[in-house]
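Novice: Just the structure for this:
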Amino acid sequence: IIAIDFSHEKITPLLPHLYNLIFSKVRFIDSHRIYEDIFDRIPLSLVTYSWFLENISVSPKFTYDFLKRVMDIVLSSLLGIISLVFYPFVFLAILLDDRGKFFIKQERIGQNNQRVNIIKFRTMSVDDAGDGEAGRHDKVTRGGAFLRASRIDELPQLWNILKGDLSLIGPRPELPKLVNLYEKEISFYNVRHLIKPGLSGWAQLYQKTPPKFTTDYSQTKTKLSYDLYYIKNRSFWLDIKIALKTIKTLLSRSGV
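Specialist: Model prediction:
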């Protein structure tokens, strides 16, 4: 087996010689594919404009788009109704902390660079709008620490999914401020906005040290490599796989 980057310009003169090896039962594998299979992400150092033209398409996939939206509506409605059980306890915890507002809205970049407002339970003494750098002097409340650890603070976003701003599965939406920075410094970053962002996603499951609302170019590049894997390979069955793994992760209390 020989692994080759077929898109590399130095490979072209060798192709006639490599062709003859086929008759010697030699198997050729694209190096991009090996990396993708091993690490479950796309190597940013290897992708070029031609790779995106060959692998990324936002043309309608009618069956997939229909099934995905049905899953979003059915599950967000069901989970949203079930989540109402937690609301009185959350309200009580917030009242006991500081009697501040229960919900906050945070602006994010959604599909096609449209700005969307996601809803969360408030977990900090002052709403920092999701900007960890701007709100670094604010503190997480006592009840807020539990809400974050258990991911209960994310439950109101189920109504964002029902509305259509988010999907259950997709790249997590980012702060407008950070998007402006990353689009200037990270090649192809804007590709992640071709599809609807999600409550959970491939990167949330597999990236061990994700960026946390502060400027982090290195970890954001890694996050983008996972997002590109999802965008390239997205399917209804991959969404089901991510959903099941998300449930497993939450039940194991390791977080997403």
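
Novice: Tell me where the model's unsure across the stretch 101-250 of the chain.
Specialist: Of all residues in the stretch 101-250 of the chain, those with pLDDT under 70 make up the ranges 127-138.

Novice: in it, which spans are strands?
Specialist: Applying DSSP state E, counting those that start in this stretch to the stretch 101-250 of the chain gives strands spanning 103-109, 115-121, 167-169, 198-200.

Novice: Adding distance to Lys245, write these out as a markdown table.
Specialist: Placement of C-beta: from N, CA and C, glycine included. As requested, the strands of the stretch 101-250 of the chain are exported to a markdown table (distance: least, Cβ to Cβ, whole Å):
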| stretch | distance to Lys245 |
| --- | --- |
| strand 103-109 | 23 |
| strand 115-121 | 22 |
| strand 167-169 | 10 |
| strand 198-200 | 9 |
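
Novice: Of those strands, which is nearest Tyr87?
Specialist: strand 115-121 (8.8 Å; Cβ to Cβ).

Novice: List the strands paired with the closest one, with their directions.
Specialist: Under the criterion DSSP bridges, strand 115-121 sits next to strand 103-109 (antiparallel) in its sheet.

Novice: Mind listing residues that contact the strand it pairs with?
Specialist: 115-122, 127, 129-130, 156, 173-176, 179, 193, 197 (Cβ atoms under 8 Å, 6 or more residues apart in numbering).

Novice: Return the members of the residues you listed classed as buried.
Specialist: Neighbour-count burial within the contacts of strand 103-109 applies to 116, 118-122, 127, 130, 156, 173-175, 179, 193, 197; the criterion is 16 or more other Cβ atoms under 10 Å.

Novice: how long is stretch 3-20 end to end?
Specialist: 16 Å (Cα to Cα, to the nearest Å).

Novice: Contacts for that stretch, please.
Specialist: Contacts of stretch 3-20 (Cβ under 8 Å, 6+ apart): 2, 28-32, 34, 46, 48, 50-51.

Novice: Scan these and report the most crowded one.
Specialist: Among the contacts of stretch 3-20, the one with the most neighbours (other Cβ atoms under 10 Å) is His32, at 19 neighbours.

Novice: Now do the contacts for that residue.
Specialist: Here His32 is in contact with 5, 7, 42-43, 46-47, 51 (Cβ under 8 Å, 6+ apart).

Novice: where does stretch 67-77 sit relative to the chain's centre, distance-wise?
Specialist: 18 Å (Cα atoms, centre = their mean, to the nearest Å).

Novice: Brilliant, that's me finished.
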